[in-house]
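> generate coordinates for the sequence data below:
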Amino acid sequence: MNKTEFIKELKIKLKNFPSEELNDALSYYNEYFEDAQIDDTVDVEKELGSPSMVASQILSDYAVKDIKIKDKPSKNRISSIWFIILAIFAAPIALPLSFAMVILVGTLVFTIGSIVFSFGLCSVSILFSGILVFGTGLLSIISNFSSALLFMGVGLLLSGIGLLAFAGTFKFGNVVLKSILNLSNNLLKKINKNKR
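Sure, this is the predicted structure:
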């Protein structure tokens, strides 16, 4: 496969990639061919691997890079999972193995997402319980001052625990999502290395 065919095939494999990133990747390989003085008579597939392997690596690297950027909305983090799935399907591995990898990644994301969602709901319920208990203490301050102080203190304690639990849940979700993406990326790299 010459360099023109390689670039054309790579462009097809990266059709769902953001256009700016696609242009950067294609420019990189065009510059690589120019710097290495590779013309259309050289078989570039022997040196670089198949366009499918290169596309798979580009997609998985992009997903991992995208997830490491701080202050990204969760919508963009979910798109990183999508790019990992695209990388799996772009990899030149057997179709059943691709489906197995997608199911594995999907199951991990769904399971961890369910756990994080459950902890988030528990955190919010503890927070609102604390607010209600504090409000009850405020309402009973005139009738029984010592009980009101107890209720207000317990309410503040519950609210604080709820806030800390919510922040911890959010942090845990981010760490686990990054770990899943890194695991998927490393798995793709090992498969692609074994294919060479």
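> and F17, its phi and psi?
phi -80, psi 150 (degrees, to the nearest 10).
> so it sits against L26, correct?
No: contact criterion CB atoms under 8 Å: F17 and L26 do not qualify, at 9.9 Å. Any C-beta I mention is one placed from the backbone N, CA and C, and that applies to glycine too.
> so for these two, which residue has more residues nearby?
F17 (21 against 16; other CB atoms under 10 Å).
> burial of L108, as a residue count?
For L108, the neighbour count with other CB under 10 Å is 17.
> same deal with E9?
Using other CB under 10 Å, E9 has 17 neighbouring residues.
> and for I141?
13.
> now do the same for it: helix, strand or coil?
The three-state label given to I141 by DSSP: H, G, I helix; E, B strand; the rest coil is coil.
> and for Y32?
Per three-state DSSP, Y32 ends up helix.
> could you pull up the residues touching the closest residue to it other than its chain neighbours?
Distances taken as CB to CB, 6 or more residues apart in numbering place I38 nearest to Y32, at 8.0 Å, with adjacent residues excluded. Contacts of I38 were listed using CB atoms under 8 Å, 6 or more residues apart in numbering, and they are 3, 32, 44.
> sec struct for I38, please.
Of the three states, I38 takes coil according to three-state DSSP.
> just the pLDDT at it, thanks.
Confidence at I38, expressed as pLDDT, is 77.
> need the helix or strand of the protein with the lowest average pLDDT.
helix 74-90 (a mean of 56; mean pLDDT, DSSP states H and E).
> helices or strands up against the helix or strand hosting N185?
Element membership of N185, judged by DSSP states H and E, is helix 145-195. Under the contact definition 3 or more CB pairs under 8 Å, 6 or more residues apart in numbering; DSSP states H and E, helix 145-195 sits against helix 51-68, helix 74-90, helix 95-139.
> those: lowest mean pLDDT?
helix 74-90 (a mean of 56).
> coming back round to it: any chance of JSON lines for the contacts of I38, columns pLDDT and neighbour count?
Compiled in JSON lines, these are given as follows (pLDDT from 0 to 100; neighbours: other CB atoms under 10 Å):
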{"residue": "K3", "pLDDT": "79", "neighbour count": "22"}
{"residue": "Y32", "pLDDT": "79", "neighbour count": "14"}
{"residue": "V44", "pLDDT": "75", "neighbour count": "22"}
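> and of those, the nearest to F172?
For these, the minimum distance to F172 (CB to CB) is 40.4 Å, reached by Y32.
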